[in-house]
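Peer 1: Output the structure for:
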Amino acid sequence: VANEGGKHWTVNEVRALIRIWSDKNIQQQLEGTVRNKRIFEQVAARLQKFGIDRDWKQCRTKYKNLKHEYKSVKSAQDSGSTSKSMKFFNELDAILGHCTMEQASKSDNDESERPPEWTEAKSEKDSVG
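Peer 2: Numbering: from 1, shown residues only. You can find the predicted model right below:
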């Protein structure tokens, strides 16, 4: 057993962490909160099912490090540099790459998915009575 950070994460462990992280439910929970101990306890419990023994702190630290590394590679790429890269970039891009876009358009989308006649018809029905 090593220091506070624990032993190095293997490729399979990181893959499992990313697979759990890519769960829409987990993403939504992580998006809206800073106090996320409970979420990472869930993540650790799910890793346990894969036979991976990590506590919530290790999961959170790894998550933060991956996210940070991803962001620095992403911004390097955006500025035209191709020298920076990382393992799992594509997997993380699938999770994180759309976050900023999605959040921006989320408020518009919810309404536009419903046809306007729906909301009107519904309110008329409700008021008849």
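Peer 1: in which helix or strand would I find Q42?
Peer 2: Using DSSP states H and E, Q42 sits in helix 37-49.
Peer 1: buried sites along that helix?
Peer 2: I39, F40, Q42, V43, A44, R46, L47 (16 or more other C-beta atoms under 10 Å). Where C-beta positions appear, they are placed from N, C-alpha and C, glycine not excepted.
Peer 1: contacts for the lengthiest helix in the chain?
Peer 2: Identified as the longest helix of the chain according to DSSP state H is helix 56-78. The contact list for helix 56-78, computed with C-beta atoms under 8 Å, 6 or more residues apart in numbering, reads 5-6, 9, 14, 17-18, 21, 36-37, 40-41, 43-44, 47, 54, 83-86, 88-89, 92-93, 96-97.
Peer 1: List the buried residues for that helix?
Peer 2: For helix 56-78, the neighbour count (16+ other C-beta under 10 Å) marks W56, Q58, C59, R60, T61, K62, Y63, L66, E69, Y70, V73, K74 as buried.
Peer 1: Save those residues as JSON lines, and put in distance to Q29 too.
Peer 2: Output for these, formatted as JSON lines (distance: C-beta to C-beta, whole Å):
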{"residue": "W56", "distance to Q29": "13"}
{"residue": "Q58", "distance to Q29": "18"}
{"residue": "C59", "distance to Q29": "13"}
{"residue": "R60", "distance to Q29": "13"}
{"residue": "T61", "distance to Q29": "18"}
{"residue": "K62", "distance to Q29": "17"}
{"residue": "Y63", "distance to Q29": "12"}
{"residue": "L66", "distance to Q29": "17"}
{"residue": "E69", "distance to Q29": "22"}
{"residue": "Y70", "distance to Q29": "19"}
{"residue": "V73", "distance to Q29": "25"}
{"residue": "K74", "distance to Q29": "23"}
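Peer 1: Who are the contact partners of L47?
Peer 2: Going by C-beta under 8 Å, 6+ apart, L47 touches E13, A16, L17, I20, D53, R54, C59.
Peer 1: I am finished for the moment; much appreciated.
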